[in-house]
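>>> after the sequence you'll find the predicted model.
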Amino acid sequence: MYNEIPIRQKSIVLIGFMGVGKTSIGKSVAAKLYRDFIDADQVIENIFKMPTTDIFKTYGEPFFRKKEKEIIRSLCEQKLKIISLGGGAFLQEEIRSICLEKCIVFYLDLSWDSWKDRINLLIDSRPVLQGKSIAEIKQLFHERKVIYQTHHSTVQTDSLMIEEVADYIVKALKTAWDIYEPQTK
């Protein structure tokens, strides 16, 4: 157990359906905790020098998911990061397991009614949504919601602004750190 990462040094992983605000909230949490922010999808896009939608079209979703798993596995081994996962990443059992084992996972929960108000902003940039009806998207939303239920903490984000969610996460972390790993004076 000597390689166990102390709780105060564990990276924080944000999960949730696409468009719930993982990147915006993650950047705010990172600034408040003086940590680096990493968007897993952005890392993949930087490697391939193309947007996720083009990676899906060029290489296919199975290829993307394989690369995503490799990158997230590597990110979870790092300390003191705030990591935002793509909406579909946590569907992979191996990614769920490593995130839950090595990091602290926050699920950013948003109701369907609140989320669907954002659909026009998301549809073009999210390959998983393209060509789907609203009923199919709603089904996908609820299917993924079940997977996201495996986490360390949930934040209901419906009526909260980005900074309010970030403040809640920071406060929750600091409370947990004090309970589980109090600093000696």
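Noted; the coordinates are in hand. Numbers count the residues shown, from 1 in each chain.
>>> alpha carbons only for contacts and neighbour counts from here, please
Noted.
>>> so where do the helices sit in the chain?
Applying DSSP state H to the chain gives helices spanning 22-33, 40-48, 52-59, 61-76, 93-102, 112-116, 119-122, 134-147, 162-180.
>>> for the second one, packing partners?
Spelled out, that is helix 40-48. Using 3 or more Cα pairs under 8 Å, 6 or more residues apart in numbering; DSSP states H and E, the elements in contact with helix 40-48 are helix 52-59, helix 61-76.
>>> for the last one, give the mean pLDDT please.
Looking back up the chat, that one is helix 61-76. The pLDDT scores in helix 61-76 average 94.
>>> residues making contact with it?
Contacts to helix 61-76, defined as Cα atoms under 8 Å, 6 or more residues apart in numbering, come from residues 11, 40-41, 43-44, 55-56, 83, 89, 92, 94-95, 98-99, 102-103.
>>> and those residues, which is closest to residue 163?
Checking the contacts of helix 61-76 against residue 163 with Cα to Cα, the nearest one is residue 83 at 17.0 Å.
>>> how many neighbouring residues does the closest one have?
27 (other Cα atoms under 10 Å).
>>> hmm, back to that, and the helices and strands packed on helix 40-48, which is most packed in?
helix 61-76 (a mean of 17; mean count of other Cα atoms under 10 Å).
>>> any idea how far residue 175 is from the spatially closest residue to residue 18 that is not a sequence neighbour?
Nearest residue to residue 18, sequence neighbours excluded (Cα to Cα, 6 or more residues apart in numbering): residue 87, at 4.6 Å. According to Cα to Cα, to the nearest Å, residue 87 and residue 175 sit 27 Å apart.
>>> still on that earlier bit, residue 7 is nearest to which of the helices of the chain?
helix 162-180 (6.6 Å).
>>> tell me which other helices or strands that closest one touches.
helix 22-33, strand 153-156.
>>> surely the residue nearest to residue 18 touches residue 14?
No: if you go by Cα atoms under 8 Å, residue 87 and residue 14 don't touch, sitting 9.8 Å apart.
>>> more neighbours: which of those two?
It is residue 14, of residue 87 and residue 14, that has more neighbours when counted by other Cα under 10 Å, with 27 against 21.
>>> count of neighbours near residue 168?
Residue 168 has 13 nearby residues by other Cα under 10 Å.
>>> same deal with residue 93?
12.
>>> just the closest of the contacts of helix 61-76 to residue 137, please.
Closest to residue 137, out of all of those and judged by Cα to Cα, is residue 89, at 16.9 Å.
>>> can you count the residues close to that closest one?
By other Cα under 10 Å, neighbour count at residue 89 equals 23.
>>> list the residues that contact it.
Neighbours of residue 89 in contact, by Cα under 8 Å, 6+ apart: 65, 68, 69, 95.
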